[in-house]
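> coordinates for the following, if possible.
(chains A and B)
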2 protein chains.
Amino acid sequence: MKVNVLLSPNNVDELYFTSKTTVVIDILRATSVIVQALNNGAKEVIPVGSIDFAMKISVNAHGGQTLLCGERNTKMIDGFDLGNSPQDYTKGLVHRKSIILFTTNGSKAIVKAKYSEKLLVASFNNLSAIAERLIDLGSDVEIVAAGSNGMFCIEDTICSGALIQIMKSLKEDIEITDAGWASLVLNDQFGSDIGKMLRESEHGKILIGNGFEEDLAFCSERDNMPIVPFYKGGEIKLSKKD
Amino acid sequence: MKVNVLLSPNNVDELYFTSKTTVVIDILRATSVIVQALNNGAKEVIPVGSIDFAMKISVNAHGGQTLLCGERNTKMIDGFDLGNSPQDYTKGLVHRKSIILFTTNGSKAIVKAKYSEKLLVASFNNLSAIAERLIDLGSDVEIVAAGSNGMFCIEDTICSGALIQIMKSLKEDIEITDAGWASLVLNDQFGSDIGKMLRESEHGKILIGNGFEEDLAFCSERDNMPIVPFYKGGEIKLSKKD
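Numbers count the residues shown, from 1 in each chain, chains lettered A, B, ... in the order given. Next up is the predicted model:
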């Protein structure tokens, strides 16, 4: 079982993911939002690669059953129902709703990886559940650190390292690539205080500057929502073991 | 003064480099080869992005004055004069010659960064000289870790971290991005024994498997060739302070 980390989705093209098992991580904040929304009973999350496409599919959606959500460069988009702060995705708002989600990095990374045979969504909030599922699946794994506008970001890389660390604690003989090795080392160094690491990250500083400091605390919680979001046919849903 | 590291040239497009100061690093082995060739008196190194283009421009070259050099997936290319082992670029072979160089990662990364205002080439062999020049220049810096087929590789990242470390020892108030921070941490962890790190890297293992273990020792030497290779108008030449 071999684990690689893509430190930017730009490193590869869409077809790279064909027949692979993939995990997408965008800690600040898309995958944290997806985990929270599904944990609070959203029917599904539909990740989209452009605002135009989000608008287009929301027109055909059943009134009141669909929420148009997300952000562009950390800020809420005009005409959207919700931004990209996970704690806004309350049970009252999202239960049984379809969430159309556009974000600058995370939703696009998921769309890019759509040809994966299995495609999971991870954040710190559900990391151990994802690690266990990956070990059960037993196939090689590509972890996509969604990064920031195609660039490396420290928080997605450290979360990738934390995921590999849990996997290695469950199964000793996991082979890792250079990028996996680097992610593990960075997690060893900074993973003990995720909140601090997020506050010191480039993206974290921008979020604090835009008034979203609370989101950082939310996104740093470990394993408080042990669910496995699974992408299939354009939708992310809760997965039971199957 | 801000320093970023691109952990793969694929993260950006060519225009990203416009009016930037850029350093390209491909330790195994393209930039180590370039440093060695220029140090041994090569007139210039002409990096190319494809084998076809290398063939095409070599046809017009003056007989005996030009060497066609490089590799594809670590192996020498049929009809080429030299492969990609730096120690083959001896004074006897390269003095006053033009070197046309195609390699899987490094030469392509240099060609991609060609719109940079200033474009330097670094390896462990000339790292302090490059750091000093960058501090003299005083502008923001993009370090390109050439990586491996668009993927992250540990050795180019650690060399990027080592370069930042020297720069910080020369000038305290250097701002670094997340990727610079990660590179510094990885250098702190593995930079004390570069030879060992190279032997344990993915690319290093492939080179050892193909009989190129000696190259690793060559590429791990620090500051034994304190020169500054400078790209301008399609050619890399030795730069005096100018």
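> quick one: the lengthiest helix in chain A near chain B?
Scanning chain A for the longest helix, with DSSP state H as the assignment, gives helix A:154-170. Yes: using Cβ under 8 Å from any Cβ of the partner chain, helix A:154-170 comes into contact with chain B via A:I154, A:T157. From N, CA and C alone the C-beta is placed, and that goes for glycine too.
> next helix or strand past that helix?
On the C-terminal side of helix A:154-170, the closest following helix or strand by DSSP states H and E is strand A:175-176.
> looking just at contacts, which helices and strands does that next one meet?
strand A:2-6 (3 or more Cβ pairs under 8 Å, 6 or more residues apart in numbering or on different chains; DSSP states H and E).
> if you count neighbours, what's buried in the longest helix of chain A?
By neighbour count on 16 or more other Cβ atoms under 10 Å in any protein chain shown, the buried set for helix A:154-170 is A:154-168.
> which strands or helices does that helix pack on?
With contacts taken as 3+ Cβ pairs under 8 Å, 6+ apart, helix A:154-170 sits against strand A:2-6, strand A:21-25, helix A:127-137, strand A:141-145, helix A:178-190, helix A:194-200, helix A:202-209, helix B:178-190.
> who touches the third one?
Identification of contacts with helix A:127-137 by Cβ atoms under 8 Å, 6 or more residues apart in numbering or on different chains yields A:21, A:23, A:118, A:120, A:122, A:141, A:159, A:162-163, A:166-167, A:170-171, A:222-223, A:226-228, A:239, A:241.
> derive a PyMOL selection command for the buried subset of those residues.
To isolate the buried members of the contacts of helix A:127-137 in PyMOL, using 16+ other Cβ under 10 Å:
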select buried, chain A and resi 21+23+118+120+122+141+159+162+163+166+167+227+228+239
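> how close does A:E200 sit to chain B?
Distance, A:E200 to chain B, using Cβ to the nearest Cβ, to the nearest Å: 9 Å.
> repeat for A:D81
When A:D81 is compared with chain B (using Cβ to the nearest Cβ), they lie 31 Å apart.
> burial count for that residue?
Neighbourhood size, A:D81 [other Cβ atoms under 10 Å in any protein chain shown]: 18.
> let me see the confidence value for it.
If you check A:D81, the pLDDT there is 94.
> touching, it and A:C69? I think so.
Yes: between A:D81 and A:C69 there is a contact under Cβ atoms under 8 Å: 6.0 Å.
> so what's the nearest residue to A:W181 once chain neighbours are set aside up against?
Using Cβ to Cβ, 6 or more residues apart in numbering or on different chains and skipping the chain neighbours, the partner closest in space to A:W181 is B:I154 (6.3 Å). For B:I154, the contact set (Cβ under 8 Å, 6+ apart) comprises A:D178, A:A179, A:W181, A:A182, B:L186, B:F190, B:M197, B:S201, B:E202.
> apply 10 Å and report the result again.
By Cβ atoms under 10 Å, 6 or more residues apart in numbering or on different chains, B:I154 lies in contact with A:177-179, A:181-182, A:185, B:27, B:145, B:147-148, B:186, B:190, B:197-198, B:200-204.
> anything in contact with each of A:D81 and A:C69?
Going by Cβ under 10 Å, 6+ apart, residues that sit against A:D81 and also against A:C69 are A:S58, A:D88, A:L93, A:V94, A:K97, A:I99, A:I100.
> any idea of the mean pLDDT in the longest strand belonging to chain A?
In chain A, assigned by DSSP state E, the strand with the most residues is strand A:66-72. Strand A:66-72 shows a mean pLDDT of 94.
> same question, stretch A:116-127
Rounded mean pLDDT across stretch A:116-127 is 98.
> got it, and stretch A:219-233?
For stretch A:219-233, the mean per-residue pLDDT is 97.
> repeat that for stretch A:157-174.
97.
> list the contacts of the residue nearest the centre of chain A.
By Cα atoms, centre = their mean, chain A has its centre lying nearest to A:T31, at 2.6 Å. Shown in contact with A:T31 (Cβ under 10 Å, 6+ apart): A:23-25, A:45, A:47, A:86, A:103, A:105-107, A:109-110, A:120-126, A:144, A:146, A:156, A:159, A:219, A:229, A:236.
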